[in-house]
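Chemist: below is the sequence, then the predicted model.
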Amino acid sequence: MKKNARDAIVDAAVYLFNHKGFKGTSVRDISEKSGSNSANIAYYFGNKEGLLEYCFTAYYEGYLKEMEKAVAYLEDGAIICLKKTLERIIYYQFENSQLTRMIVREMSLDSQMVREIMSTYAMKEKYFFQNIFEYGFANGEFRQESSGYYLLQLKGLLTMPFLNTHYMTEVLYLLPQEKYFADKYLQELYSWVDGRMNSQQQGKQILTVSS
């Protein structure tokens, strides 16, 4: 058995879940695409649902690690910290674009697995963002508005390129899988933060954060 057989199975599953949907993908499809066999899939993941759960867990573990790194910038100010957080999320999503696309789409559905993810990883994500928001409210960096609505709008901006990939490529002629797009889109997110949240940036030069 090849050393990277598990990764090949995961890559095949992500590809197929994106193109055929979770329900439309069989264990046999994954086996053929990965060049592995169903016994290996059962050994590593138990079944197709276990494989999907592994994808969720791997994605959000990496996602939250990026957020944790960004929270270290909170002492430099909420604006700096929020922009660093967005930077790390955008580039994490860009580097894992196929997995991100699959996760975002699955999270839009109602299932037991999604509810479990909501109660664990999504709540941790909310906790990180709320800490930044509350720090910004306390020191006057952010306009005093609902942190829930701020988070709702940010989540929409962060997921839109991956939830609407075909619209972007076929209608807008944008390529979200290219780094140029990630760089440009990150600057748009910075502009949104300054225009929508930053209490000190009305009509002033936008603050950028170097990588």
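Modeler: Okay, I see it.
Chemist: of all residues in the chain, which one is nearest the centre?
Modeler: residue 93 (5.2 Å; C-alpha atoms, centre = their mean).
Chemist: residue contacts, the closest residue to it other than its chain neighbours?
Modeler: Distance criterion C-beta to C-beta, 6 or more residues apart in numbering; nearest residue to residue 93, sequence neighbours excluded, is residue 100 at 4.4 Å. Quick note: C-beta positions are derived from backbone N, CA and C, even for glycine. By C-beta atoms under 8 Å, 6 or more residues apart in numbering, residue 100 lies in contact with 59, 93, 162.
Chemist: count the neighbours of residue 92 for me.
Modeler: Residues near residue 92, counting by other C-beta atoms under 10 Å, number 17.
Chemist: and it, how far from residue 18?
Modeler: In this view, residue 92 and residue 18 are 18 Å apart by C-beta to C-beta, to the nearest Å.
Chemist: ok, residue 135 next?
Modeler: Counting by C-beta to C-beta - residue 135 and residue 18 are separated by 37 Å.
Chemist: next one: residue 193
Modeler: In terms of C-beta to C-beta, residue 193 sits 30 Å off from residue 18.
Chemist: do the same with residue 6
Modeler: Computed as C-beta to C-beta, the residue 6 to residue 18 distance reads 19 Å.
Chemist: one more: residue 26?
Modeler: Taken as C-beta to C-beta, the span from residue 26 to residue 18 is 15 Å.
Chemist: more neighbours: these two, which one.
Modeler: residue 18 (17 against 13).
Chemist: now the helix or strand of the chain with the lowest mean pLDDT: buried residues?
Modeler: Ranked by mean pLDDT, DSSP states H and E, the weakest helix or strand in the chain is helix 165-170, scoring a mean of 84. By neighbour count with 16 or more other C-beta atoms under 10 Å, helix 165-170 contains the buried residues 165, 168.
Chemist: likewise for stretch 34-46?
Modeler: 34, 36, 37, 40, 41, 45.
Chemist: thought the fifth one was touching residue 29?
Modeler: No. With contacts counted by C-beta atoms under 8 Å, residue 41 stays clear of residue 29, the gap being 10.8 Å.
Chemist: can you spell out which helices and strands pack onto the helix or strand residue 51 falls within?
Modeler: Assigned by DSSP states H and E, residue 51 belongs to helix 48-71. Helix 48-71 sits against helix 5-20, helix 27-34, helix 38-45, helix 78-95, helix 97-107, helix 112-117, helix 123-138, with contacts defined as 3 or more C-beta pairs under 8 Å, 6 or more residues apart in numbering; DSSP states H and E.
Chemist: can you say which of those is nearest to residue 150?
Modeler: Across the helices and strands packed on helix 48-71, residue 150 has its closest neighbour in helix 123-138 (6.0 Å, C-beta to C-beta).
Chemist: so which bits of stretch 172-183 are buried?
Modeler: Applying 16+ other C-beta under 10 Å to stretch 172-183 flags 174, 176, 177, 181, 182 as buried.
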